[in-house]
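Visitor: Provided below for reference: sequence and predicted model.
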Amino acid sequence: MKVELEPVRGMRDILEPESKYLDFIIKTFKNVAELYGYEYVVPPTIERFKLFAIKSGPEIERSMYVFKDKAGREVCLRPEFTAGIARLYLRHLLAKPKPIKLYYMGQVFRYEEPQYGRYREFFQAGVEYLGDSSIYADIEQILLLRDFYKLLGLSNYRVKIGTIALIRGLLSKWNVPEDEQDLVIHYIDKKMFDEVKKVLRKYEKSNEELLNKLMSFTAEDPSKLIEFGREIGLSQFGKEFNDELMRISTILRVCKEVGIKDVFVDLGFARGLAYYTGFIFEIVVPDLNLSIAGGGRYDKLIELYGGPSTPAVGFSIGVDRTMLTLIKRRVELPKRLRKVMLIAFTDNYVIVDEVASKLRSTGDYSVMVKFTTKSKLGDAIGLASRKGFDYVVIIGPKEVSEGVVNIKNLHTKEQKSIKLDILDQGIPI
C-alpha cells in the first residue's frame, strides 16, 4: 500500500536548520519568562469548543478545528492559549495569592488559508499575568519581549500600541450591544471599514465621524494623545476615556524612556480576539511586513467564565514567524555542538562507551558511534565527511591496548593521538 507522503495542507515537516531555530527561540523564551517570575503550565491540546466560542471572536470561531469525540462531546483543537489558561487558572489557582504569572508554549491550530508566514498548525509561546490591574503589568509585557528579542539577536522591530477600551466605550455609549461590538472590532482588525459603517448606521446615537477621527490617530509623542482627546471632546463621554488615554500615554512614555526606540500609538488598530478590554499591542517587523507578537489586557474573561472579577494581561509570540524573521535576516544561532563520528573496529563496548561519554560530558560535542571493520575504515571516514561531521575519533584493538584514541579534524585534515584519560578536556585540534 502506497502512503501519501505530503503533509496535510497547511501543515509541514520541520527539519534542520529550521528546527534548530525553533528550539533556540523556545529555549530563549523559557529562560526570559522565568527570569521575569512566570511559572510554566501545559494546558491540553484538545478543549471543549464552548470554551473558545464564548469570547474568541468571529475569526477564531470560524477557523477552529471542531469535532465530536467518541462520547459525543463537541471539542476542538486549541486555536490559541489564553482561554485554556483562564480555565486552568479557575480550576487550579483561584485560591492562590495574586498576582499569578504563567507562561506556556506549544502548537495551536486554525483552519485558515495558508500563506507566507501562516500555517494551519503553528507554534505559540506566551505569558498571562492574572490579578494585577497596574500600568506596570502592561509595561512588563513589552519589557519582557524587549529582553527576549535582545537575546535572540533580533532588532529593527516596531512596537505598535493601542487600546480597545476607547472603541468599546464609544460603542457602548451608542447602545451597540456587545456581540455587535465584537463584530465591529473584527471588521476594524480586517480593515473592512464599509462593514463598520453598516453596523453603526443601525444605531441613531452613533457618530461615524468621531470614530473615524479616533481610528485615524497615530503618534510617537505621548503628549499628543492627551491633546487629541481634548480636540475631539472625549471627556464628554466620561472620565474613563481620559483615564485610558493617560494610561496609554504613560505606557508609550515609559517604553521610550527604557530605550525602546521604535514605539508608537495607533488608536485605529484592533486585534482579532474579542476578549480584549483595554491596552493592546503588536510587534511588527517592517521589512517582512509581519506581526510576530501581540497581546493586551482582558479584564473580563475570568468573570465571563464564572470566576470573580480578575484583571489580566498577556501576550503570545508567533514562534514560526519569529523563526522566519531570524532566518531571513541571517541571524546566527549560538555556537553549535561539534559533530564527532566515533569509528570503532573493536568489540570492547565498555571502552567505546567511555570514549563517547567523555566527549559528551564536555557539552561541546555530539557523538555518533559507528562500528565497522578495519578494512572499511576509509569508507566510514568518507561517510563522516559527506554527512558534515567535524571530527572522526578512531579506536581499535591497538588503541584500546595503548589507552589512546586517534582523532582527525575533517576540516584541517590534522590528525593526533590523544590519551583516553584526558579526553574529557576536549579535542585540541
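Guide: Looks like it arrived, so ask away.

Visitor: switch to C-alpha atoms for all contacts and neighbour counts from now on
Guide: Fine.

Visitor: tell me, what residue is most central in the protein?
Guide: Using Cα atoms, centre = their mean, the residue of the chain that lies closest to the mean C-alpha position is residue 317, 2.6 Å off.

Visitor: does that one really touch residue 127, like I thought?
Guide: No - Residue 317 lies out of contact with residue 127 (Cα atoms under 8 Å); the separation is 9.3 Å.

Visitor: and the residue nearest to the residue nearest to the centre of the chain when sequence neighbours are not counted, helix, strand or coil?
Guide: Nearest non-adjacent residue to residue 317, counting by Cα to Cα, 6 or more residues apart in numbering: residue 293, 4.1 Å away. At residue 293 the chain is in strand, as set by DSSP: H, G, I helix; E, B strand; the rest coil.

Visitor: Please, where are all the helices along the stretch 51-200 of the chain?
Guide: Assigned by DSSP state H, counting those that start in this stretch, the helices in the stretch 51-200 of the chain fall at 58-63, 82-88, 135-152, 165-173, 178-189, 193-200.

Visitor: Quick one: closest of these to residue 333.
Guide: Set against residue 333 and scored by Cα to Cα, those come closest in helix 135-152, at 8.4 Å.

Visitor: what comes up buried for the closest one?
Guide: Residues 137-146, 148-149, 152 are the ones in helix 135-152 that count as buried (16 or more other Cα atoms under 10 Å).

Visitor: same check, this time on stretch 108-122
Guide: Buried, per 16+ other Cα under 10 Å, within stretch 108-122: 108, 109, 110, 111, 112, 117, 118, 119, 120, 121, 122.

Visitor: And for stretch 418-427?
Guide: 418, 420, 423, 424, 427.

Visitor: how far does the helix or strand of the chain with the lowest mean pLDDT sit from the chain's center?
Guide: Taking mean pLDDT, DSSP states H and E as the measure, the helices and strands of the chain show their lowest mean at helix 58-63, namely a mean of 79. Taking Cα atoms, centre = their mean, to the nearest Å, the mean C-alpha location of helix 58-63 is offset from the chain mean by 20 Å.

Visitor: for it, packing partners?
Guide: helix 178-189 (3 or more Cα pairs under 8 Å, 6 or more residues apart in numbering; DSSP states H and E).

Visitor: contact partners of the helix it packs on?
Guide: 57-59, 168, 171-172, 193, 195-196, 199, 268-274 (Cα atoms under 8 Å, 6 or more residues apart in numbering).

Visitor: Kindly recompute the last result at 10 Å.
Guide: Applying Cα atoms under 10 Å, 6 or more residues apart in numbering, the contact partners of helix 178-189 are 55-59, 164, 167-172, 175-176, 190-200, 215, 268-276.
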